[in-house]
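Trainee: sequence plus the predicted model coming up.
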Amino acid sequence: MKRFFLFFAGIAAFIGCSTNSVTGRKQLKLFPEETLQQQAVTEYRSFLSQNKVLSGNVNKDAEMVSRVGNRIAKAITDYYTQKGLASELNGYKWEFNLVESKEVNAWCMPGGKVVVYTGLLNITQNEAALAVVMGHEITHAVAHHGNERISQVALAQGLEIAGNIFTSGNQKANNIFNNVFSPTAQVAVLLPNSRNQEYEADHFGLNFAAMAGYNPREAVPFWQRMAAASGSGKPPEFLSTHPSDENRIAKLQSFMDEALSYYKPVNK
């Protein structure tokens with residue numbers, strides 16, 4: 001049975017492996033993007049219904065989030081179109097919302113569903129730094145990192161999940177989607193891959209922010225502020241899904257020249 005499972009897992013990994021058109025890295029993607037996008041819409045609507053969403057019509061910070069998001073989305077669309085990759089964004093219907101929460105966080109679901117928490121704005125402090133963060137989170141989506149993570153978890157926990165996720169209303173499939181960042185995932189496989197995804201999101205997110213007219217140099221002071229706010233109560237890097245602040249800042253500095261080549265300031 002074990003040999004059969006390993007053989008089948010190898011076949012599944014081979015069939016599901018593809019090269020990302022933008023990053024050039026091979027990825028394991030077992031599930032159709034449209035399936036994840038449909039799931040994301042459901043989860044996004046549920047999240048918004050349970051949290052206080054601030055309106056851009058009356059809240060300047062919410063308006064800023066929308067403005068930054070739309071500028072980055074346009075930059076990405078233009079970039080993908082120039083590269084002949086417009087089909088990569090099929091199904092994307094961008095939404096940008098600011099929710100009231102002290103949590104320092106932001107995320108983007110497959111299909112372009114973005115949320116920023118008000119707590120993050122205390123650290124970003126300016127529009128360009130917010131663009132760096134939003135570019136990072138949006139890159140996770142357009143680089144299909146969610147599909148990759150779910151596929152890795154599916155293989156780690158058993159290939160039967162790959163079949164279950166296509167079953168409408170299957171609780172096990174929903175749990176995999178909702179808990180794709182669960183700490184129970186295998187350290188040896190999932191954490192290093194997660195850090196690779198983080199560096200990838202830093203790299204291309206910085207470029208996308210620059211393409212949208214935001215100064216990528218704001219990335220380094222932002223992460224320095226984030227490091228100061230986080231304090232020392234963090235796990236060692238080998239047990240973390242994210243790179244250490246020091247390694248992240250060093251990587252960002254190595255990406256800076258490329259990002260600056262895309263940077264053309266525009267009026268707000």
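Mentor: Nice, I can see it. Keep in mind the model is a prediction, meaning the values are calculated, not measured.

Trainee: low-scoring stretches of this protein, by residue?
Mentor: Scanning the chain for pLDDT under 70 picks out the ranges 1-16, 156-193, 232-242, 267-268.

Trainee: need the strands for it, in chain order.
Mentor: Taking DSSP state E, the strands of the chain run over residues 17-19, 26-28, 53-54, 95-99, 106-109, 113-117.

Trainee: correct me, but D61 touches N122?
Mentor: No - the criterion here is C-beta atoms under 8 Å, and D61 misses it with N122 at 10.8 Å. (Glycine included, C-beta is placed from N, CA and C.)

Trainee: if we can go back for a sec, for the strands of the chain, which one sits closest to R149?
Mentor: For these, proximity to R149 was assessed by C-beta to C-beta; strand 26-28 is nearest, at 9.5 Å.

Trainee: and that closest one, what's buried?
Mentor: By 16 or more other C-beta atoms under 10 Å, the buried positions in strand 26-28 come out as Q27, L28.

Trainee: direction included, what does that strand pair against?
Mentor: strand 17-19 (antiparallel) (DSSP bridges).

Trainee: what does the strand it pairs with contact?
Mentor: With C-beta atoms under 8 Å, 6 or more residues apart in numbering as the test, strand 17-19 has contacts from R25, K26, Q27, L28, K29.

Trainee: at which residues are the helices of the stretch 1-150 of the chain located?
Mentor: 2-16, 33-49, 60-82, 118-124, 127-142, 145-157 (DSSP state H, counting those that start in this stretch).

Trainee: check contacts around Y199.
Mentor: Going by C-beta under 8 Å, 6+ apart, Y199 touches P243, R248, K251.

Trainee: tabulate those residues (CSV), appending distance to E88 and neighbour count.
Mentor: Converted to CSV, the contacts of Y199 look like this (distance: C-beta to C-beta, whole Å; neighbours: other C-beta atoms under 10 Å):
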residue, distance to E88, neighbour count
P243, 26, 18
R248, 26, 21
K251, 24, 17
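
Trainee: closest to M226 out of the residues you listed?
Mentor: Checking these against M226 by C-beta to C-beta gives R248 as the nearest, at 9.0 Å.

Trainee: quick check: that closest one touching W223?
Mentor: Yes - with contact defined as C-beta under 8 Å, R248 reaches W223; the gap is 5.8 Å.

Trainee: tell me which of the helices of the stretch 1-150 of the chain sits most buried.
Mentor: helix 127-142 (a mean of 26; mean count of other C-beta atoms under 10 Å).

Trainee: show me the contacts for N126.
Mentor: Taking C-beta under 8 Å, 6+ apart as the test, what N126 contacts is E218.

Trainee: still on that earlier bit, D257 is nearest to which of the helices of the stretch 1-150 of the chain?
Mentor: Nearest to D257 among the helices of the stretch 1-150 of the chain is helix 127-142 (15.9 Å), distances taken as C-beta to C-beta.

Trainee: and that closest one with strand 113-117, angle?
Mentor: 140 degrees (axes from the mean of the first three to the mean of the last three C-alpha atoms, to 10 degrees).

Trainee: who are the packing partners of helix 127-142?
Mentor: helix 60-82, strand 106-109, strand 113-117, helix 118-124, helix 187-211, helix 219-230 (3 or more C-beta pairs under 8 Å, 6 or more residues apart in numbering; DSSP states H and E).

Trainee: figure out which of the ones you listed is closest to Q50.
Mentor: Of these, the one closest to Q50 (C-beta to C-beta) turns out to be strand 113-117, at 11.7 Å.
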